[in-house]
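Peer 1: Take a look and give me a structure for this.
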Amino acid sequence: MFKLNLLQKNRTFRYGVPMLLLIVGGSFGLREFTQIRYDSQKIRRKLDPSLEAKVDVERQKVILEEEYEKIKVVNLDEWKNIRGPRPWEDSRDYQEQQRSGQNKEH
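Peer 2: The predicted model follows:
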């Protein structure tokens, strides 16, 4: 009984041990909750097998040489970099201004 009273008055035992238990227990609890999150995302991400087959076929169709031939045809000498509108600018007005600026130059 005497030792129990001493432990209750000890600051390390009274505040430190519960804090350590909270930190260690919390990390294990968070691990379980995040695992549930990732498992649910994995389930949602699964595609219908027929749709997945179509996606895989489209991925296989891309051949490096074919893409190179497409890029060779493009005229890069007349290419102009046009920046997009800033958040505070009206995007439609800015796009019209850019388009009219392009038409005047050509």
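Peer 1: For the rest of this, base every contact and every neighbour count on C-alpha atoms.
Peer 2: Will do.
Peer 1: then stretch 23-37 to CSV, C-alphas only?
Peer 2: In CSV, the C-alpha atoms belonging to stretch 23-37 read as follows (Å, rounded to 0.1, in the frame of the first residue of the first chain):
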residue,chain,number,x,y,z
ILE,A,23,2.2,7.6,-28.1
VAL,A,24,3.0,3.9,-28.6
GLY,A,25,-0.7,2.8,-28.6
GLY,A,26,-1.6,5.6,-30.9
SER,A,27,0.9,4.6,-33.5
PHE,A,28,-0.4,1.0,-33.5
GLY,A,29,-4.0,2.3,-33.7
LEU,A,30,-3.2,4.7,-36.6
ARG,A,31,-1.5,1.9,-38.5
GLU,A,32,-4.7,-0.1,-38.3
PHE,A,33,-6.8,2.8,-39.5
THR,A,34,-4.5,3.7,-42.4
GLN,A,35,-4.4,0.1,-43.4
ILE,A,36,-8.2,0.1,-43.7
ARG,A,37,-8.0,3.2,-45.8
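Peer 1: Mind listing what's buried along it?
Peer 2: In terms of neighbour count (16 or more other CA atoms under 10 Å), stretch 23-37 has no buried residues at all.
Peer 1: Could you pull up the mean pLDDT of it?
Peer 2: On average, the pLDDT along stretch 23-37 is 89.
Peer 1: which residues touch Glu65?
Peer 2: For Glu65, no contacting residues are found, by CA atoms under 8 Å, 6 or more residues apart in numbering.
Peer 1: Quick check: it vs Lys72, distance?
Peer 2: 10 Å (CA to CA, to the nearest Å).
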